[in-house]
Structure formats: C-alpha cells, structure tokens
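Chemist: the following block contains a protein sequence and its predicted model.
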Amino acid sequence: MQGTVDGFSYGVVTPLVAYVMACLGGALGLRCTTRAMLVAQSWRPAWLALGSAAIGSGIWTMHFVAMMGFSVKETPVHYDKTITFASLGLAIVMVSVGIFIVGYRGATGTALFTGGTITGLGIASMHYLGMAGLRLNGTLEYDTLTMVASVLIGVVAATSALWAAGRVRGFLWSVGASLVMGLAVSGMHYTGMAAMTVHLHHTGGTPPGDSPASLLAPMLIGPLAFLCLAAVVVVLDPMMIIGRPERLRVEHKPGVPADEVTHHPSRRPQLRISRQQGHRSSRTPQNR
C-alpha cells in the first residue's frame, strides 16, 4: 500500500523559511571563500573552514526546516538522532573538501569542476542520508531518473556558486549569486522529495525515534546560532581588529581573472620627478 505524502503541511511557510536559510548559508560561505582568495596564505584556511561550515550548516538547516512540513497521512514520522547528526557532519566535511580545492587551486578549469562536483555530491549526500534517518511504518523508495536529476541540480548549483566566489567581487553580484544558490539547493531538495514514494507496512504502532517537534526544533538552534555568529564575523572582519596581513600580489591570487591585473608604469617616473623637484627646492636657499 502506498502512503499519502504531504511535503507542505504548513503551506508555503516551510519552503520560504528553508529558502532563506539556504540563501543565508550560501551568502556567508561565498563571502568567506571570496575573502580566502584575497588574503595571505596564513589566513586562508580559517576563512575556507568558516565558509565550509556556513554552507554545510545552511543547507542542513534548509533541509530540516523543509522536513518540518513533511508528513505521511497513514503513519507518524520520527527521526533517528544519530543519522540526523551524521548528515550535518557529512555535509560540512564534503563541502570543505570542495571549497578547499577551489580556495587553493582557483575557480577555473579542473579545480572548479572537481570542487563543484564534490561540494554538490556533499549536498545530495546530506539530503539522502537525512532521509535515511526517517523512521515510519513503511519503506522509502526513489525513482532513479528523478533522483539523478536532483543530484545533478546540486552539482550544478555548487559549481556555479564556487565560480561566483572566485569571479564575482561586487556586493550586488554576491547577493544575486547567493539567491541563485539558495534556489538551486531548494530545488534539489524538492526534486529529491518528488522522487520519493512511501510503501506502508501492514504493522501499525509508533515507529522508533524522536518526533520532529522534539528533535528537529532543538537541533536547529545550534546551526542557526552558528550562522548568526558567522554573519557577525563576516560583517566585522576580524582582520580589521587584529591587523590586516600582507596582501598577495594580484597575479598570484587564485581565482582572480588575469584581465584584472593592471600595471602603472607611470608611477615610478612621477615619484622620481617629485623627489628631484623637492631636492632642488631644498638646495636653492644654500645657493643664494
């Protein structure tokens, strides 16, 4: 017997809040990745790690906010706490691998493709591992083509976002990139949900695990608090307080297009002329 699945038990509230969480995590992560490509080597791992944690927490929070609106009419839905936490760790680890590749190799060519693919697979893996943590009186099954389509959406979204982190510098462009990333991550989630069907068991009773209200709501507090803290760090920029490290030459910054490198051959001659004029003026009184 096939169960009646409802992914919008609270109407448009959960999809909208989930989309906002995906955009927030994406914006913070992309901003941190962009900063990492523009600072000295000693600061780069810290910014990349913060960006990875922000994106991983953002997509995990988006997923389970959306799952708050998920229900099956014929059976209660519970969650396994261990697998639910494991999905958060998996998301952060795989996103970290992809972001560190792009952060050190640049947002071009093979590095962009590899980093985007790993990050996208991390997003998809988080989703399906989180779905594996569901406990209900039934079995989850997935349509293969729709499932593959959801994974491809995640890979394309991640690759596009990492490209934007390496190429986009303006504030409005960064906001636009985060909005597109949030839309793609949300699209990946609901495409994966559309691939799912529930085949009910004949046995009744309450499934093991914790209910969404008792598990998901408290668990979301931690990632939400971290995203707020990351936002404060990005806005204040600790380098402004601790001291700005020596910047790399533009030619050696990975991910920065070559056409942004500008040369100013006229600066040195002007400096020499000004020094010569100052030297002459200082000697004039002595000659008199």
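Modeler: Nice, I can see it. Residues are numbered from 1 along each chain as shown.

Chemist: do you know how far M193 is from V39?
Modeler: M193 sits 39 Å away from V39, taking CB to CB, to the nearest Å as the criterion. Heads up, the C-betas are built off the backbone N, CA and C, glycines and all.

Chemist: equivalent analysis for C228, please.
Modeler: Taking CB to CB, one finds C228 at 23 Å from V39.

Chemist: more neighbours, the two?
Modeler: Between C228 and V39, V39 has the larger neighbour count (other CB atoms under 10 Å), namely 19 against 11.

Chemist: that one falls within a helix, correct?
Modeler: No - applying DSSP: H, G, I helix; E, B strand; the rest coil, one finds V39 to be coil, outside a helix.

Chemist: surely it meets A46?
Modeler: No - between V39 and A46 there is no contact under CB atoms under 8 Å: 9.1 Å.

Chemist: so W163 sits against A107, correct?
Modeler: Yes - the pair W163 and A107 passes the contact test of CB under 8 Å, sitting 5.3 Å apart.

Chemist: looking at those two, which is more packed in?
Modeler: A107 (27 against 18).

Chemist: and the nearest residue to that one once chain neighbours are set aside, what element?
Modeler: Excluding its sequence neighbours, the residue lying closest to A107 (CB to CB, 6 or more residues apart in numbering) is G166, at 2.4 Å. If you go by DSSP states H and E, G166 is part of helix 144-167.

Chemist: give the rounded mean pLDDT of the helix or strand following that helix.
Modeler: Of the helices and strands lying after helix 144-167 in sequence (DSSP H and E), the nearest is helix 171-194. If you average the pLDDT over helix 171-194, you get 85.

Chemist: list the helices and strands helix 171-194 packs on?
Modeler: Helices and strands touching helix 171-194, by 3 or more CB pairs under 8 Å, 6 or more residues apart in numbering; DSSP states H and E, are helix 13-36, helix 44-67, helix 109-132, helix 144-167.

Chemist: is it possible to get CSV of those helices that adds mean pLDDT and distance to G209?
Modeler: CSV is the format used below for the helices and strands packed on helix 171-194 (pLDDT from 0 to 100; distance: least, CB to CB, whole Å):
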stretch, mean pLDDT, distance to G209
helix 13-36, 86, 20
helix 44-67, 88, 13
helix 109-132, 92, 12
helix 144-167, 88, 23
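
Chemist: mean neighbour count, those: which tops it?
Modeler: Sort those by mean neighbour count, taking mean count of other CB atoms under 10 Å, and helix 44-67 sits at the top with a mean of 25.

Chemist: dump that one to PDB, restricted to CA.
Modeler: Taking Å, rounded to 0.1, in the frame of the first residue of the first chain, the C-alpha atoms of helix 44-67 are listed here in PDB:
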ATOM      1  CA  ARG A  44      43.200  31.300   4.000                       C
ATOM      2  CA  PRO A  45      42.500  28.100   5.900                       C
ATOM      3  CA  ALA A  46      40.500  29.900   8.600                       C
ATOM      4  CA  TRP A  47      38.300  31.700   6.000                       C
ATOM      5  CA  LEU A  48      37.800  28.500   4.000                       C
ATOM      6  CA  ALA A  49      36.900  26.500   7.100                       C
ATOM      7  CA  LEU A  50      34.400  29.100   8.200                       C
ATOM      8  CA  GLY A  51      32.900  29.200   4.700                       C
ATOM      9  CA  SER A  52      32.600  25.400   4.600                       C
ATOM     10  CA  ALA A  53      30.800  25.300   8.000                       C
ATOM     11  CA  ALA A  54      28.500  28.100   6.900                       C
ATOM     12  CA  ILE A  55      27.400  26.400   3.700                       C
ATOM     13  CA  GLY A  56      27.100  23.000   5.300                       C
ATOM     14  CA  SER A  57      25.100  24.400   8.200                       C
ATOM     15  CA  GLY A  58      22.900  26.400   5.800                       C
ATOM     16  CA  ILE A  59      21.900  23.500   3.600                       C
ATOM     17  CA  TRP A  60      21.400  21.200   6.600                       C
ATOM     18  CA  THR A  61      19.200  23.800   8.300                       C
ATOM     19  CA  MET A  62      17.300  24.300   5.000                       C
ATOM     20  CA  HIS A  63      16.700  20.600   4.600                       C
ATOM     21  CA  PHE A  64      15.300  20.000   8.100                       C
ATOM     22  CA  VAL A  65      13.200  23.200   8.100                       C
ATOM     23  CA  ALA A  66      11.600  21.900   4.900                       C
ATOM     24  CA  MET A  67      11.200  18.500   6.600                       C
END
